[in-house]
Structure formats: C-alpha cells, structure tokens
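Trainee: Mind looking at a prediction? Sequence and model below.
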Amino acid sequence: MKKALLIALAVAAGIVGKASAQEKISITPALVAAAEKEGEVTVQYSNPLDAMQAEVHDFTKAYPKIRVNLERKAGSTGVQSLLQELAAGVNRIDVFQGTDTGGNQALIDQNAFAAVAPANASELDKSARAMAPYLYYPDKNVSVVMYNPKFVSDEQAAKLRSWKGILDPAFKGKISLVEPSFGVTLAPLLYVVNTPGLGEGFLKQLKAQKPVIYLNTAQARDALISGQQPISWGAQWESVTLSYVNQGAPVHFVYTDPTVEWGGNGWGVLAKAPHPNAARLFFAWGMSNAGGLSLQGPKINMRSELTTLADTRSTIKKLSGQPWFRQPKNIWSPDLQDWIKNGPKYQQLWTKVMKQ
C-alpha cells in the first residue's frame, strides 16, 4: 500500500495527532465487570480461521459473558480496510491483529491505537515489544521449508537446512515460491538481501531452478500436498506446518540455519474502540500466561513470546523422536526499521528477478 494513501485516510479519519499517555492494563475484577457489561468485543485478525477460533474458545471459556466477533482481513488489505472505516467515522473494531509490519507501522504513525501496556510487559521478549506501546506481538513466527516426503526424501531434504541447499539440481522444477507481499513471505527475503553471498545473485540462481510462483501460501501448500510442487520454500511458517502434521497430511519440514524468526501478529487496542473495556480485557488476556498457553495449544501451535513460559507444544514434543526433525540451531531476526523502510524495495528486487 502506498504511504500517501495511508496518510490521506488517516487524516480523513481524524486520527492524526499526539499520542496519549501510556496506560497500564491489568486484569482486575473491575475490568472484567466492565467488560462483561459491554458484553462483546470485535477483533480484526490475520491468523488462519481455525487457529483464531481456538484462541477465542479459550478466552470465552474464561469469560463466557463476553461474545467475540471475528473479522478476518489479512495483511495490507486489513490495514486499508481499517483506515477506510475510520475515515468514514465508523468505529466497529475493538482489537486489531496484523501481520503486515509496514502496514502496522503506518497505523501506529497515524495514532490509530491507544497507548497501552500489559501489566506483564517485562515478561515479553524484546522482539514482542518492538512496536510498544501501540502494538505487542505475543507469538513468534518461525520460517520453515515445507516438503512432501512422498516426493522428496528426508535425506534429500536435509540439504534444505542450508540456505543454498535449495539450489541443488535435484530440486529443479519441484519448488514453489509465494510473492513476498506480507510477513511470512517477506521475512526470509530480508535475510536473503542482507546476507553476503546471497542477495540478488542467489535470487537469480533460485529462478534458474524453475520454481512455480503462487499468490498465497495456501496455494503453495495445496501444490505441495498434491505433489505438483513438493517443496514450498520461503513461504511457510512453523505453526501452520505443525497443524498440517497434526492432521496427518504428507508434510515434513526443516529449519534453515540460521532460522528466520520474528513477531507474528501485532495486537493493538483501537483508540476509539466501541467496547473499550472488553477490548482491554481481550488484549491483556492475549498477553497473559493463559493467552500464551492458548497460543501453544495443539490447534494453534505458535510459540509464545513470554520468556517466563516454557514451550509446552505437544506437537513439538512428539516430533522430537522423529529422525527427520531437528530443532533450529541459530536464529536470525529481521531489523524492523529495515523492514519498514526497505521492504518495498526488496519486493521490487524480487519481482524484477523472478518475473523478467
């Protein structure tokens, strides 16, 4: 999305101005009572529907008097939709969850969110607080290379732990890529362009492998499962991959070395939330230990950003005995300022190489 459009929409919405003082949010009996009186909260989100429904199930189990209304609008499309509503004076959304780092920053720049902090903010990893006090990232996104073991052996796939392993001649014609238009597809590209020995030259070599390019990650997963393109590279993330494993799909995966890891969904309370107390309760619960355990449940499989919470994911524990599974060794996290400032330039480079 063009920055000028974002700014124009924000000005029309009347949300440009000085940020309010930071508000600390604790889950107290008074907040719960006020939230229950409002009776509902509307959440705009980016996660897969089944994962979000699982999280809402856990929240409403704790707070049954509060109905959660869900609206899935992912990436930059969700950002634009929100700004258009605000520009029209329509304030329906209470809590925003977005994965488009650049779009998230654009919303922050225009003061769309209340300046808040969960009471346990210090327990969240530093990466979770990179956009505080407007957005917090309670979950980690971890990039993986997904493959179909019916068409690619585990021994062959071990080569994919190296970033240049994808260039092996054995993989030619078996690879799918996804246009890097949002977090999970853009984060690996940031590593490529910022790493000596990779960069544009690597992208050209990758193109020579005759990959099929899809518009979204779901298309790439469908092609992988069918065997049409049995390797999905630079476009899949750990949690959704674990969900496919749980479902018994023909899916294995490897972590590259280093593994790209970043904050997944940025949570923010809208400055003009129509249900401000329910919004704050849902937000604070999402950052809490209970929210972290929900994220790590078998239907979501995300790693919590809480430094005080161990990795309780049952799927990871089950996989630890598989000979093809190996935990990541080294972690690389994108620089958010580089992402925000140069992300469009990197996307243009990818398009120039892959579509010429």
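Mentor: Arrived safely, thanks for sending.
Trainee: Where does pLDDT dip in this protein?
Mentor: 1-21 (pLDDT under 70).
Trainee: my read: K164 touches F202, true?
Mentor: Yes: applying CB atoms under 8 Å, one finds K164 in contact with F202, separated by 7.2 Å. Using the backbone N, CA and C atoms, a C-beta is placed for each residue, glycine as well.
Trainee: Compare neighbour counts for those two and give me the winner.
Mentor: The neighbour comparison of K164 against F202 (other CB atoms under 10 Å) goes to F202, with 18 against 13.
Trainee: can you give me the helices for this structure?
Mentor: Shown for the chain, the helices assigned by DSSP state H span residues 3-13, 29-38, 49-62, 75-87, 101-109, 154-157, 183-193, 199-207, 217-226, 238-246, 276-287, 289-295, 314-319, 336-355.
Trainee: can you pull the buried residues of the fifth one?
Mentor: By 16 or more other CB atoms under 10 Å, the buried positions in helix 101-109 come out as 101-108.
Trainee: report the angle between the axes of it and helix 336-355?
Mentor: 140 degrees (axes from the mean of the first three to the mean of the last three CA atoms, to 10 degrees).
Trainee: relative to helix 75-87, how tilted is helix 101-109?
Mentor: Angle of helix 101-109 versus helix 75-87, following the same axes, to 10 degrees, is 20 degrees.
Trainee: coming back round to it: let's have the buried residues of helix 101-109 in CSV, adding distance to A279.
Mentor: Shown next, in CSV, are these (distance: CB to CB, whole Å):
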residue, distance to A279
T101, 22
G102, 24
G103, 20
N104, 17
Q105, 21
A106, 21
L107, 15
I108, 17
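Trainee: So which of those residues is the closest to Y191?
Mentor: Using CB to CB, T101 is the member of the buried residues of helix 101-109 that lies nearest Y191, at 14.4 Å.
Trainee: so who does the closest one touch?
Mentor: With contact taken as CB atoms under 8 Å, 6 or more residues apart in numbering, T101 is in contact with 183, 186, 266, 336, 339-340, 343.
Trainee: cool, and P180?
Mentor: 186, 188-189, 234, 346-347, 350.
Trainee: hang on, the earlier thing: tell me which of the helices of the chain approaches S176 most closely.
Mentor: Short answer: helix 217-226, nearest of these by CB to CB, at 4.4 Å.
Trainee: Report all helices and strands that the closest one contacts.
Mentor: strand 139-147, strand 175-178, strand 212-214, strand 231-237, helix 238-246 (3 or more CB pairs under 8 Å, 6 or more residues apart in numbering; DSSP states H and E).
Trainee: count of residues packed around the residue nearest to E85 when sequence neighbours are not counted?
Mentor: Spatial nearest neighbour of E85, chain neighbours left out: R92 (6.5 Å); criterion: CB to CB, 6 or more residues apart in numbering. Counted with other CB under 10 Å, the neighbours of R92 add up to 16.
Trainee: For R92, give its distance to P276.
Mentor: 13 Å (CB to CB, to the nearest Å).
Trainee: swap in F182?
Mentor: Counting by CB to CB, the gap from F182 to P276 is 29 Å.
Trainee: out of these two, which sits in the more crowded spot?
Mentor: Under the criterion of other CB under 10 Å, the comparison of F182 against P276 puts F182 first, with 24 against 18.
Trainee: Was I right to think that one contacts V79?
Mentor: No: judged on CB under 8 Å, F182 makes no contact with V79 at a distance of 10.5 Å.
Trainee: Please enumerate the shared neighbours of these two.
Mentor: With CB under 8 Å, 6+ apart as the test, F182 and V79 both reach D100.
Trainee: of all the contacts of P180, which comes closest to E261?
Mentor: Taking the contacts of P180 together and measuring to E261 by CB to CB, the closest member is P188, at 10.8 Å.
Trainee: Now do the contacts for that closest one.
Mentor: 143, 180, 234-235, 256, 260.
Trainee: Excluding chain neighbours, what is closest to it?
Mentor: Using CB to CB, 6+ apart and skipping residues adjacent in sequence, the residue nearest P188 is G234, 4.1 Å away.
Trainee: from memory the one you found sits against L177, does it?
Mentor: Yes: the pair G234 / L177 is scored as a contact, 6.2 Å apart, by CB under 8 Å.
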